[in-house]
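Colleague: the sequence isn't on hand, but the structure is:
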């Protein structure tokens, strides 16, 4: 009896809509701890479906999302945020009463606006965002440890069933994450500065570099170790996902971008006017924030991320 | 006889002016391969001098740079670029005829302008820039492998003795680096985009974040894993070094910053006008550059730099 209790999964059936980096990593994380009795999947891309099945990430996989979510106790949307509303419209009549519906998108307010009109009354919708990722995409990029030691932010609407929130919290904790609850509006503002603007800037500078004359560009690649290569990592993230993030968190992104540009103009002016003191004061101030992040356990303090410095 | 030949050092005496990350790493790298018969050091900071001696990075250390460089065959300036001219003015009468003078600064044209008026005719001045570093500073931050597998750019003036260039090339190769020769002007342009602008932008966004209200700032730190923390690493580099770089590579930095800002305005406009196609096209284009950098051997292709994802 105690063995059967121990091994009974948190959710008898979990369905993943979208089997890229986030979805496939969830498959690995669920299998690691026996969180799901059965994992079903859907992806719009036939090759991704085949690969996910071949890798045994899912127990079964469906071309039609409606078939994938049948009898599912937990449905997780792992698609670019612009696609969430449409998916829920597609599956709305097939969701099991009492099921929990969540997502992993980096924007929350717009996703709520898109999903709410299609949401059946008897489904618990709890928007979510695990703050984790790598620069790689696709079902082969997933790994069980992606969510370990990371934050997952849930932004439940008012009147959401506390039992459903507690169960989804346990789910993410079992996947290795710590859970934080906040409003969708607040989430979108914080993520605009921690994630969206850094990605936009990285995409931008790599774009600027890519338009230099050919000879200079090859040297930019050759000597990228001076700082540029860190930006290229960020700027190699999935383009569809990021297009959707910027279009769906427009207000917060444009607001933070305004502040960024004002501050950059001030630094630019200090350089032009040889104001070394202003530059020094700014550069000294930003150093302390790094230490706070390491202390908060969100970063390794190994120099240069422990990149190999040895010759081949 | 053959043993003595094998072990005879490339330079009987090397002097390092500045014993921070770059200088102390050179000490380790030289000791690893027996490149220097004797290593002498100077730093303007008494604590750094003491620490460098205590760590046996140097064989002797002097408060006065003039005493440190006596009889030195190779003198390496490892100080912020703004200090190079003054140092050479200080030591100009004490340099040994035939000695090689070089530096490790990230700006070359201005350093040449600053040093040339003080340069004795019988000293071989070869400006240099090893494209390597970490976010840490000081004599304890140094390690032998810092220069392994990295590029070192030399920007010799016309009429520099080819023998001296060859000898300095051998020196950097023995420290683990590959050597590239180019003009100072070209160097400053390439480094503006690969290193100086990325640092300025990173300092800027971390500064923008640091001015958010207190509650939001603590959440920015907490959820920094979304991209922001990579910028904080870059923005925790030495403030004096970076102040000097921007003031001394003003022209190239302002030129590249102009291009960056124009491109950022175009992306901002695309977001405001919901132009998803333009965003997608831009984001897809920048992805390829990452691959080129990995292929060029300048980066690891481990996801997320192989940062630990495991829970504590």
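Modeller: Yep, that arrived. Keep in mind that this is a model prediction, so the values were computed, not measured.

Colleague: please make it C-alpha for all contacts and neighbour counts, starting now.
Modeller: OK.

Colleague: what's the distance between the closest residue in space to residue A:241 that isn't next to it in sequence and residue B:82?
Modeller: The spatially closest residue to residue A:241, leaving aside those adjacent along the chain, is residue A:80, at 4.7 Å (C-alpha to C-alpha, 6 or more residues apart in numbering or on different chains). When C-alpha to C-alpha, to the nearest Å is applied, the distance between residue A:80 and residue B:82 equals 48 Å.

Colleague: now the strands for the stretch 51-200 of chain A?
Modeller: Counting by DSSP state E, counting those that start in this stretch, residue ranges of the strands within the stretch 51-200 of chain A are A:60-62, A:74-77, A:100-103, A:124-125, A:128-130, A:151-154, A:178-181.

Colleague: what's in contact with the third one?
Modeller: The contact list for strand A:100-103, computed with C-alpha atoms under 8 Å, 6 or more residues apart in numbering or on different chains, reads A:73-78, A:123-129, A:164, A:168.

Colleague: which of those are close to chain B?
Modeller: Filtering the contacts of strand A:100-103 for neighbours of chain B using C-alpha under 8 Å from any C-alpha of the partner chain leaves an empty set.

Colleague: list just the nearest of the residues you listed to residue B:56.
Modeller: residue A:129 (50.2 Å; C-alpha to C-alpha).

Colleague: now do the contacts for the closest residue to that closest one other than its chain neighbours.
Modeller: Excluding the flanking residues, the one nearest residue A:129 by C-alpha to C-alpha, 6+ apart is residue A:104, at 4.5 Å. Counting by C-alpha under 8 Å, 6+ apart, residue A:104 makes contact with A:22, A:76, A:77, A:78, A:79, A:127, A:128, A:129, A:130.

Colleague: format those as a markdown table; extra columns: distance to residue B:100, neighbour count and pLDDT.
Modeller: Converted to a markdown table, those look like this (distance: C-alpha to C-alpha, whole Å; neighbours: other C-alpha atoms under 10 Å in any protein chain shown; pLDDT from 0 to 100):
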| residue | distance to residue B:100 | neighbour count | pLDDT |
| --- | --- | --- | --- |
| A:22 | 55 | 27 | 97 |
| A:76 | 65 | 22 | 98 |
| A:77 | 63 | 26 | 98 |
| A:78 | 60 | 24 | 98 |
| A:79 | 60 | 23 | 97 |
| A:127 | 64 | 24 | 98 |
| A:128 | 61 | 27 | 98 |
| A:129 | 57 | 20 | 98 |
| A:130 | 55 | 24 | 97 |
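
Colleague: ok, those residues vs residue A:90, which is closest?
Modeller: Of all the contacts of residue A:104, residue A:77 has the smallest distance to residue A:90: 12.6 Å, by C-alpha to C-alpha.

Colleague: so the closest one is in contact with residue A:16, correct?
Modeller: Yes - distance between residue A:77 and residue A:16: 6.2 Å, which falls inside the contact criterion (C-alpha atoms under 8 Å).

Colleague: of all the contacts of residue A:104, which two lie farthest apart?
Modeller: Taking every pair in the contacts of residue A:104 and measuring C-alpha to C-alpha, the maximum separation is 15.1 Å, between A:22 and A:127.
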